[in-house]
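Undergrad: From the sequence below, what's the structure:
(2 chains)
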Number of protein chains: 2
Amino acid sequence: MGRERLYLFDTTLRDGNQTPGIDFSLEDKITVARMLDDFGIDYVEGGYPGANPTDTAFFAEPRTRRACFTAFGMTKRVGVSVSNDPGLAGLLQASGDAVCFVAKSWDYHVAVALNCTNEENLEAIRASVAATVAAGKEAMVDCEHFFDGYKANPQYAIACAKAAYEAGARWVVLCDTNGGTQPDEIRSILTSVIDAGVPGDAIGMHAHNDTGQAVANTLAAVDAGARQIQGTLNGIGERCGNADLVTLIPTLMLKPAYATRFETGIDAASLEGLTQLSHAFDEILNRSPSTQAPYVGASAFATKAGIHASALLKDPKTYEHVDPETVGNFRRVMVSDQGGKSNFVDALRRRGITVGKDDPRLDRLIARVKEREATGYAYEGADASFELLARRMLGAVPEFFEVDAFRVMVERRHDANGDLKSISEAVVKLTLDGRRIMSVAEGQGPVNALDRALRKDLGKYQHEIDDLELVEYKVRILNGGTEAVTRVLIESMDGEGNRWWTVGVSDNIIDASFSALMDSIVFKLMKNREQAGSLAAAQ
Amino acid sequence: MGRERLYLFDTTLRDGNQTPGIDFSLEDKITVARMLDDFGIDYVEGGYPGANPTDTAFFAEPRTRRACFTAFGMTKRVGVSVSNDPGLAGLLQASGDAVCFVAKSWDYHVAVALNCTNEENLEAIRASVAATVAAGKEAMVDCEHFFDGYKANPQYAIACAKAAYEAGARWVVLCDTNGGTQPDEIRSILTSVIDAGVPGDAIGMHAHNDTGQAVANTLAAVDAGARQIQGTLNGIGERCGNADLVTLIPTLMLKPAYATRFETGIDAASLEGLTQLSHAFDEILNRSPSTQAPYVGASAFATKAGIHASALLKDPKTYEHVDPETVGNFRRVMVSDQGGKSNFVDALRRRGITVGKDDPRLDRLIARVKEREATGYAYEGADASFELLARRMLGAVPEFFEVDAFRVMVERRHDANGDLKSISEAVVKLTLDGRRIMSVAEGQGPVNALDRALRKDLGKYQHEIDDLELVEYKVRILNGGTEAVTRVLIESMDGEGNRWWTVGVSDNIIDASFSALMDSIVFKLMKNREQAGSLAAAQ
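TA: Take a look at the predicted model:
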């Protein structure tokens, strides 16, 4: 028996953009669409072309390779024909493989919000779907307030769903717009819709988390027959958020009740990238991942010292509902130094550094890392800084050069034309082989100027860093107010496409940036020597 | 027909203390117990007296007035009698009205973790319960791994539950210890337990959130007959947390499917304190409340979408699944790129600015906000900057003073002792009433120095900003790499406790910070005048 196909529809870039505090830039949207596409999501809803400049620019060209790139928009206006509705025309002309229309399905809202008759609304649904199909695109209809609408007037709610389906919509999506519906209600109302003639494999579910049950409501819909699931990365979305795809996907793929019946577009190898996907998305949002998130949280497979920990060590499987590695996460037992030690030994081994468990330098390294993390360092996200620290404490990293002093200045004043202008300038003074080198550079801001001055002249090492490029710069203020500590993370890249992250922490953002920039350069010089060394050894 | 009583059991202080990163002090425990007691929770599980000094001290005296104060502990050891088990004796001697025993109910764990026979485990359950009842306390048994145990050996799992019940336990609590069970499984297994002779009104449910369904699993158990619910404040707990009582309580009290059938120990007036309870608990944990939390989150009743906002304003009830005031929360309609005209009109009205929908200045304001948000501004998080922009474009904000130039410098060099030292210094030159004022200040970093210099001498306005304090500073890099744009958000506070957020955006972090700092000062001066004006008008 083959398994039935479940389709995953991601609305991170559309409903997710309704999250208070979240506002995707065009670059963010391009990055997220690529991540979703690579992961194996079936539909990527990108926004509402025509509604704002970002979304219009995003739909100027195709943004997915494999996934169905979907535009969101309103059905045609009542009182005008399809060909005379510029909004609808814009949707059909924009790039994208599909259009998802939002349509009222609660008669009360038809009257109050649309000011039209029930029949006019049905006609708008039919005409919009037909025009989309005629334009060679897949059509979908989000039936807004479907469940509340059904409770008020079941005949009309179903009439909307049927109008969409019969006009040729590939999917009729039932939306729990206000998010207050309970799983049992979802199940029974969805069953009525199927009984009325809209088949389950044309039904999608769009759930919100207002009673903490978006995941359960989505699974209840699948149980009742829905075959498309809408949700977002990490459950962002309007109010309390949408159904969290990061939670739903592993449940569907790993829990026998679903895994034996369904398949998705995601394979087991992709699923191992789930934790990484979730954390990378939080990076884009510049926020810390939730430690308690199901499957992917740092605590999801963590056990604190106590009655569970010792039993867990005897037989992990009976204390974990799934194997953490299937979702790219790992077990954390915070029980003893021994556990911590093997973690470190393993982390070093993966970087080619061999160290014995009894080596006293290992204890010193662990103590230093713990001490630094307590002050705000985050080595988890700064591999290169961690490796540099470890090699410095365990072996010997050459003192390539020393920065004796630097000065950064930002000046804003009126220029000759009377316009306000800012100039950022940095001076760096360093010693290399006993020789003093002084460099000065301007930049877009103080950190950019410092970066340029620092890499302007490294004497005999200069040719080694000519291809070094700063590709990402992140700042996080760790504790607000007057005692703020700033953490800077920098991603660098060289001409061969190698990328590495470094970290700096200080109560002064310039000092923190300087540490991270220095780590990046020294890491690159060290790696060059390491490679040369192993090449020499091989000859 | 009377409604059935549902009992609420809080394990914040016991299972919640297993949360990685959470470790309650004695004072914390005393405070939280009092909060829960006042709120109307039936059972407060405080910890494990005898297991650690904090819990032992906490159980030295009664800590609740109304709620049943419950100790957690292990059943008596196999091979010793009740009277010879010091752990059990300690539990019975400690303060507290009830003891909740944790007992294995999965035969595999009986063998592997306890190293005893199945019958010895049943006997330990019976003897522990009987001793507790004999000591005049209420007895409860947490059947650990009940659902996984049931799947492996249903007869034995049920035998454990029955042993507890028949020995006199008031409650037999079925625990989904690993948190991976799905709602349908909870429902059907719980039904089997009831069929086997343990009545529903003696059954409790203890759910974990490992598949994001702790709330749904708990409600499924209630549907199947369980009458005690275990959970924690804000869903803290081991791994992904426990069922969140803050989400469950309003669902049980406000959703007709439950409210018509059940009553709890909490009344409608207490429920209005729910948001406050949740936020006060986060204060104790020293963390920011989750904005997306169901019912109590800052975003739970917030709307950003233009198409929703206009309808929401017409009739809030049809866009909110419950009335926010019933849980002590309130409605927020936010301004942003997404918002339509009615959003803006409403946002302005709430700030005391009246403007007609047809006023051309409104269109210009909306255009300006959209344009600025496209370049990185985020007005929804910066109320004061929004109001300032609006008042500038709609009315007149006085030009209090003008900053002609500023200079910020960070210098790092070796001091007299040879130690590396950084100094941040800022100079600000401004014109006020035709007079030039120059100020210089040092700070912890460049932004701190600039803030100090800017507020050092504002001439005749200085006394108005003496009590102004910068309480929060946030930085976000909007698009990485070389074209990075920086957004700075600043929260300010005055001596009367008023707080406001301002925003600045630039490719230079110092310029962005300067804009936000300026907005903060001008906003304060403007507000002072507005107040003075309305006072004058009232006289």
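
Undergrad: make it CA atoms for all contacts and neighbour counts henceforth
TA: Will do.

Undergrad: Provide a list of residues in contact with the residue positioned nearest the centre of chain A.
TA: Closest to where the C-alpha atoms of chain A average out (CA atoms, centre = their mean) is residue A:281, at 1.4 Å. Shown in contact with residue A:281 (CA atoms under 8 Å, 6 or more residues apart in numbering or on different chains): A:32, A:233.

Undergrad: repeat for residue A:353
TA: Here residue A:353 is in contact with residue A:391 (CA under 8 Å, 6+ apart).

Undergrad: could you check the angle helix B:214-224 makes with the strand or helix carrying residue A:221?
TA: Taking DSSP states H and E as the definition, residue A:221 sits inside helix A:214-224. Relative orientation of helix A:214-224 versus helix B:214-224 (axes from the mean of the first three to the mean of the last three CA atoms, to 10 degrees): 60 degrees.

Undergrad: now check helix A:214-224, is it near chain B?
TA: Yes - using CA under 8 Å from any CA of the partner chain, helix A:214-224 reaches chain B at A:215, A:216.

Undergrad: which stretches of chain A have low pLDDT?
TA: A:1, A:304-314, A:333-340, A:342-343, A:374, A:380-381, A:396, A:479-483, A:533-539 (pLDDT under 70).

Undergrad: returning to what we had before: tell me what the helix holding residue A:221 is packed against?
TA: Other helices and strands packing on helix A:214-224, by 3 or more CA pairs under 8 Å, 6 or more residues apart in numbering or on different chains; DSSP states H and E, are helix A:183-195, strand A:203-206.

Undergrad: right, so of the ones you listed, which gets closest to residue B:237?
TA: Residue B:237 lies closest to helix A:183-195 among those, at 24.3 Å (CA to CA).

Undergrad: Quick check: buried residues in that closest one?
TA: A:183, A:185, A:186, A:187, A:189, A:190, A:191, A:193, A:194 (16 or more other CA atoms under 10 Å in any protein chain shown).

Undergrad: Then stretch A:197-216?
TA: For stretch A:197-216, by 16+ other CA under 10 Å, it's A:198-216.

Undergrad: same deal with stretch A:414-426?
TA: Counting neighbours by 16+ other CA under 10 Å, one finds that the buried residues in stretch A:414-426 are A:422, A:423, A:424, A:425, A:426.

Undergrad: want to throw the helices and strands packed on helix A:214-224 into CSV with distance to chain B?
TA: Compiled in CSV, the helices and strands packed on helix A:214-224 are given as follows (distance: least, CA to the nearest CA, whole Å):
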stretch, distance to chain B
helix A:183-195, 8
strand A:203-206, 16
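
Undergrad: and these as a markdown table, adding distance to residue A:369?
TA: Output for the helices and strands packed on helix A:214-224, formatted as a markdown table (distance: least, CA to CA, whole Å):
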| stretch | distance to residue A:369 |
| --- | --- |
| helix A:183-195 | 47 |
| strand A:203-206 | 44 |
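
Undergrad: Which segments of chain A make up each domain?
TA: Chain A breaks down by automatic domain parsing into domains covering A:7-266, A:302-377.

Undergrad: Deepest-packed of these, please.
TA: Greatest average neighbour count among those goes to domain A:7-266 (a mean of 22), per mean count of other CA atoms under 10 Å in any protein chain shown.

Undergrad: Residue A:35 touches residue A:279, doesn't it?
TA: No - using CA atoms under 8 Å, residue A:35 is not in contact with residue A:279; the gap is 11.7 Å.

Undergrad: What parts of the stretch 151-300 of chain A come near chain B?
TA: When proximity is defined by CA under 8 Å from any CA, the stretch 151-300 of chain A lies next to chain B at A:178-180, A:183, A:209-213, A:215-216, A:238-241, A:247-248, A:251, A:286, A:291-295, A:297, A:299-300.

Undergrad: Inside strands: which ones of the residues you listed?
TA: Among these, no member falls in strands (criterion: DSSP state E).

Undergrad: report the longest helix in chain A, please.
TA: Scanning chain A for the helix with the most residues, using DSSP state H, yields helix A:509-538.

Undergrad: Which strands or helices does that one pack on?
TA: Judged by 3+ CA pairs under 8 Å, 6+ apart, helix A:509-538 is in contact with helix A:383-394, helix A:446-454, helix A:462-465, strand A:486-493, strand A:499-506.

Undergrad: Swap in 6 Å and give it another go.
TA: Judged by 3 or more CA pairs under 6 Å, 6 or more residues apart in numbering or on different chains; DSSP states H and E, helix A:509-538 is in contact with strand A:486-493, strand A:499-506.

Undergrad: now the ones you listed in CSV, with distance to chain B?
TA: Listed next are the helices and strands packed on helix A:509-538 as CSV, based on distance: least, CA to the nearest CA, whole Å:
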stretch, distance to chain B
strand A:486-493, 9
strand A:499-506, 9
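
Undergrad: Columns mean neighbour count on top of these, output as JSON lines?
TA: Below are those laid out as JSON lines (neighbours: other CA atoms under 10 Å in any protein chain shown):
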{"stretch": "strand A:486-493", "mean neighbour count": "24"}
{"stretch": "strand A:499-506", "mean neighbour count": "25"}
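
Undergrad: got JSON lines for those, with distance to residue A:72 too?
TA: Below are the helices and strands packed on helix A:509-538 laid out as JSON lines (distance: least, CA to CA, whole Å):
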{"stretch": "strand A:486-493", "distance to residue A:72": "34"}
{"stretch": "strand A:499-506", "distance to residue A:72": "36"}
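
Undergrad: how about the helices of the stretch 151-300 of chain A, start to end?
TA: Along the stretch 151-300 of chain A, counting by DSSP state H, counting those that start in this stretch, helices occupy A:154-166, A:183-195, A:214-224, A:245-254, A:256-259, A:268-271, A:274-284.

Undergrad: In TSV, list the ones you listed along with distance to residue A:382.
TA: Below are the helices of the stretch 151-300 of chain A laid out as TSV (distance: least, CA to CA, whole Å):
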stretch	distance to residue A:382
helix A:154-166	50
helix A:183-195	43
helix A:214-224	33
helix A:245-254	24
helix A:256-259	36
helix A:268-271	24
helix A:274-284	13
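
Undergrad: Test of understanding: give the bridge partners of residue A:204.
TA: Taking DSSP bridges as the rule, residue A:204 bridges to residue A:173, residue A:228.

Undergrad: can you tell me how far it sits from residue B:274?
TA: To residue B:274, residue A:204 is 34 Å away according to CA to CA, to the nearest Å.

Undergrad: again with residue A:319
TA: 34 Å.

Undergrad: What of residue A:389?
TA: According to CA to CA, residue A:389 and residue B:274 sit 47 Å apart.

Undergrad: who has more neighbours, these two?
TA: Ranked by neighbour count (other CA atoms under 10 Å in any protein chain shown), residue A:389 and residue B:274 place residue B:274 first, with 22 against 19.

Undergrad: so that one makes contact with residue B:327?
TA: Yes - Residue B:274 lies in contact with residue B:327 (CA atoms under 6 Å); the separation is 5.4 Å.

Undergrad: farthest pair in the buried residues of stretch A:414-426?
TA: Most distant of the buried residues of stretch A:414-426, by CA to CA, are A:422 and A:426, 13.5 Å apart.

Undergrad: so how far is stretch A:276-294 from its chain's centroid?
TA: 7 Å (CA atoms, centre = their mean, to the nearest Å).

Undergrad: any chance you could read off phi and psi for the nearest residue to residue A:15 once chain neighbours are set aside?
TA: Sequence neighbours aside, residue A:237 is the residue nearest to residue A:15 in space, at 5.2 Å (criterion: CA to CA, 6 or more residues apart in numbering or on different chains). Backbone geometry at residue A:237, expressed as degrees, to the nearest 10, gives phi 150, psi 180.

Undergrad: Residue A:204: what's it in contact with?
TA: Residues in contact with residue A:204 (CA atoms under 6 Å, 6 or more residues apart in numbering or on different chains) are A:172, A:173, A:226, A:228, A:229.

Undergrad: show me the residues around the first one that make contact.
TA: When the contact criterion is CA under 6 Å, 6+ apart, the partners of residue A:172 are A:140, A:141, A:203, A:204.
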